[in-house]
Structures are given as structure tokens and as C-alpha cells.
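Novice: Take a look and give me a structure for this.
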Amino acid sequence: MKQKGIKLIAQNKKARFNYTIEDSIECGIELKGTEIKSFRDGTISFPDAFAEISNHEVWLKNLHISENPYSSVFNHEPDRPKKLLLHREEIKRLERKVTEKGYTLIPLDFYFKNGRVKVNIGICKGKKLFDKRSDIKERDIRRDMQIEFRNKMNH
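Specialist: Next up, the predicted model:
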């Protein structure tokens, strides 16, 4: 994500391990006043977050945005569902994938793009245990190869 005007807020590394990501889509997120301040401070948590489609709207659930300590009584509800902003055609496409093929919508990363908070939603399928094991094995092999290469370059 090294583009002009983009500043990464948070990344969901666990999603890349637990799910096979087929596709991803960038969407806006509807925030209340003090929530944007919490995003700027990076005080968000989303280990179990997912998106759900209901009434042709996409809602992000289990995203915890901590309350801003400097805000008064007008602070936001930390665990309220947040509406994702997508075009109608995109929502229909997501709805078809989720209902037909059993995919899940998982937030992959949150970032600022030209001053606005964006979320990258992944169209994911859960990995089985053996898939995770093979990923770990591949990662270990890759790391060993890099170490070996580094050692050969230094000698």
C-alpha cells in the first residue's frame, strides 16, 4: 500500500492466515464524529470482525473503536455495527458470492485515503487445518532459503 495519499491505520494479519482470500474490494465506512478521532489515534481492534449483508446494505460487525478520552458525553458507542459504503452493483456481486459459494467478508486493512477512512474487504473462504500447516511449512522453507542465501553471499 505505498500509494500517494494513503496512510495505513491497521492490518488484519490473522485473516491472511485463517482464510484464503479470493478477491478484495475497497469501501468507505460510515463513521460518527468521535470515531474518526479514534481512527486517527489508531485505537481500533478487529480480530473477529466480519461484514454482513442485510437489506442490500453491508454492515461491519465486531469492529471495536475505543472511545476518545477527550470527548465529552457525545462519545460514540464502541461496538456499534458500521455501515460500509458501496455501489449497489458491488453489493449485489458480493451478495451472490456470499450466498452461493459460502464465502465470508473479512476486513483486511483500514487506511486513510485522501483524508477519508477506507476499509479493504476480502472475499474469503476459511482454511482447513492442513492448509494452515502447509502455509507454515512454506513460510519456514522460504525463511530457511533466505538465511542460506544470505550466508552464501557473506562467505
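
Novice: now for the helix ranked longest in the chain, which elements pack on it?
Specialist: As assigned by DSSP state H, the longest helix anywhere in the chain is helix 129-154. Here helix 129-154 touches helix 13-18, going by 3 or more C-beta pairs under 8 Å, 6 or more residues apart in numbering; DSSP states H and E. For glycine as for every other residue, the C-beta is placed from the backbone atoms N, C-alpha and C.

Novice: List of residues touching the helix it packs on?
Specialist: 21, 47, 106-108, 122, 124, 126-127, 132, 135 (C-beta atoms under 8 Å, 6 or more residues apart in numbering).

Novice: Looking at the residues you listed, which is nearest Lys83?
Specialist: The closest of those to Lys83 turns out to be Pro107 (C-beta to C-beta; 13.5 Å).

Novice: Show me the shaky parts of the chain.
Specialist: Where the chain drops to pLDDT under 70, the residues are 1-3, 69-76.

Novice: what about 80?
Specialist: 1-5, 17, 33-34, 68-78, 100-102, 126-132, 153-155 (pLDDT under 80).

Novice: quick one, strands of it?
Specialist: Along the chain, the stretches classed as strands by DSSP state E are 6-11, 19-29, 44-45, 50-54, 57-61, 64-65, 82-85, 104-113, 116-126.

Novice: Those strands: which one's closest to Met153?
Specialist: strand 6-11 (30.2 Å).

Novice: which neighbours does that closest one have in its sheet, and in what orientation?
Specialist: Here strand 6-11 has these sheet partners by DSSP bridges: strand 104-113 (antiparallel).
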